[in-house]
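K.L.:
fold the following, please.
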Amino acid sequence: MNVYDSERMAEILAPLGYAPGDDPEDADMVILNTCHIREKASDKVYSELGRLRKTKDRRAEEGSPMVIAVAGCVAQAEGEEMLRRAPYVDIVLGPQTYHRLPEMVARAHRAGAEAPGQRGVLDTEFPADSKFDHLPERQQANAVSAFLSIQEGCDKFCTFCVVPYTRGAEFSRPVAQVLEEARQLAAGGVRELTLLGQNVNAYHGVDEADREIGLGVLVERLAALDGVARIRYTTSHPRDVDDALIAAHENVGALMPFLHLPVQSGSDRILEAMNRGHDVAQYLDIVARLRAARPDLALSCDFIVGFPGESDADFEATLDLVRAVGFTMAYSFKYSSRPGTPAAGMPRQVPENIKDERLARLQALLEEQQQAFNADTVGRTFDVLFERAGRHPGQLVGRSPYNQAVHVATTEYQVGDIAKVAIDSCKPHSLEGHIVGSGSAHPREESEERLSA
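P.N.:
Sure thing, here's the model as predicted:
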């Protein structure tokens, strides 16, 4: 979601003459778009700001001022404190206010000209109007895949998580607005959409007939758009997997057979302490129903080890769940105490050395499963969407339906095409294959013909 937000900020600033750059040393503005999920990410913000301060001071001496802005969830949670700790920051803005960036930039420039050293601009209010109502049309030149935010916020209040406090209540964009942005992306050559939300499958948008529809129906409507060949979504919550979404996995060919479905723990006792709202049996039932609908479905997951009160038996239950489900990949972390969350004040905090040992064991098991899944793809044939040129002449790199990087030597196809590829070998984090048959050669050209017609 931060990638999506960063792209939209760049589009908002383009009319002011700003364009993305590669080197902060030469930038007129640097925006740090931040995450507050874990303490390490928050700490990195202040470390990076310390480095940027030196550049800002040097640029000021040279008469070429630099604007420093901090956006995102750390800014939302620590706005006042951030301006106190780093008074050289010019703008602090939350994730719901970046549509007002041009106004903030103007205010920061005025403040710098009229009263150097004045307190920076702070805008972390939750506006009455949705930011999506004020964003410009998408600018996706030469992109093959794109993120599309459809839902924000969270009403689940897991005890370890700050998202409800930094992103606010659950909000779903209107159906027409989502479809229009998808059309803009497809017209620019995007073939694959990844739908985003803190709880993306909690989506309940209102359509043009004033009906509320869920993610499953939205996926069907997006798949019907010209040029949209693939659809993914993340991040989902088990509590919001409904019958219509399961049916979409069975019936919508454009919906990729790869689902990120976080569980966090395999212990019912810990899941209850986390306020996840489901137990292990319910999670396994959802997985079984999804796989019955789409037998080739692969799953990825999130895990937290060392949650307060987690015993050896609780952790072993997590390993048992991993073995029972089988994941193609996962994100796993040590529990990180976040200020203001209920878990931060819970008793029986787990020592760091035990967290380290448990995380190493979990990651070893998950890596074993990922490697086994990749190895099982050798000899199979997939439709691969080519995203970029490879490192070697005549090589393209694409994505399998399971989001694996696939390297192929071909002169027949180009970026944006989808081709049938037989997998020849696997490496730790990628696959290699060769083109088989004529496949769906140059479907981008076909979709462009449909769009122009």
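K.L.:
touching, Ile354 and Gly306? I think so.
P.N.:
Yes - using Cβ atoms under 8 Å, Ile354 is in contact with Gly306, at 6.5 Å. C-beta coordinates here come from the backbone N, C-alpha and C atoms, glycine included.
K.L.:
my read: Arg232 touches Pro257, true?
P.N.:
No - the pair Arg232 / Pro257 is not scored as a contact, 10.1 Å apart, by Cβ under 8 Å.
K.L.:
which one of the two is surrounded by more residues?
P.N.:
Arg232 (22 against 17; other Cβ atoms under 10 Å).
K.L.:
and the strands in the stretch 151-300 of the chain?
P.N.:
Along the stretch 151-300 of the chain, counting by DSSP state E, counting those that start in this stretch, strands occupy 151-152, 171-172, 192-196, 204-206, 212-214, 230-234, 258-260, 298-305.
K.L.:
ok, which of those strands comes nearest Val3?
P.N.:
strand 192-196 (8.9 Å; Cβ to Cβ).
K.L.:
and that closest one, which strands flank it?
P.N.:
Strand 192-196 sits in its sheet next to strand 145-149 (parallel), strand 230-234 (parallel), going by DSSP bridges.
K.L.:
average pLDDT for that strand?
P.N.:
Averaging pLDDT along strand 192-196 gives 97.
K.L.:
what ranges does the stretch 201-350 of the chain have for its helices?
P.N.:
For the stretch 201-350 of the chain, the helices defined by DSSP state H, counting those that start in this stretch cover 215-223, 243-251, 268-273, 280-293, 312-325.
K.L.:
just these: most buried one?
P.N.:
Of all the helices of the stretch 201-350 of the chain, helix 215-223 has the most neighbours on average by mean count of other Cβ atoms under 10 Å, namely a mean of 22.
K.L.:
next, the angle from that one to strand 145-149.
P.N.:
140 degrees (axes from the mean of the first three to the mean of the last three Cα atoms, to 10 degrees).
K.L.:
circling back: which of the strands of the stretch 151-300 of the chain sits closest to Arg138?
P.N.:
Among these, strand 192-196 sits nearest to Arg138 (Cβ to Cβ), with 11.1 Å.
K.L.:
and that closest one, how far from the chain's centre?
P.N.:
9 Å (Cα atoms, centre = their mean, to the nearest Å).
K.L.:
contacts made by that strand with the rest, please.
P.N.:
The contact list for strand 192-196 (Cβ atoms under 8 Å, 6 or more residues apart in numbering) reads 1, 4, 144-151, 182, 185, 203, 215, 218-219, 222, 228-234, 385, 399.
K.L.:
buried ones among these?
P.N.:
1, 144-151, 182, 185, 203, 215, 218-219, 222, 228-234, 385, 399 (16 or more other Cβ atoms under 10 Å).
K.L.:
nearest residue to Leu271 other than its sequence neighbours?
P.N.:
Nearest non-adjacent residue to Leu271, counting by Cβ to Cβ, 6 or more residues apart in numbering: Ser265, 5.5 Å away.
K.L.:
and that neighbour, how many neighbours?
P.N.:
25.
K.L.:
correct me if wrong: it contacts Phe307.
P.N.:
Yes - counting by Cβ under 8 Å, Phe307 is a contact partner of Ser265 at 6.6 Å.
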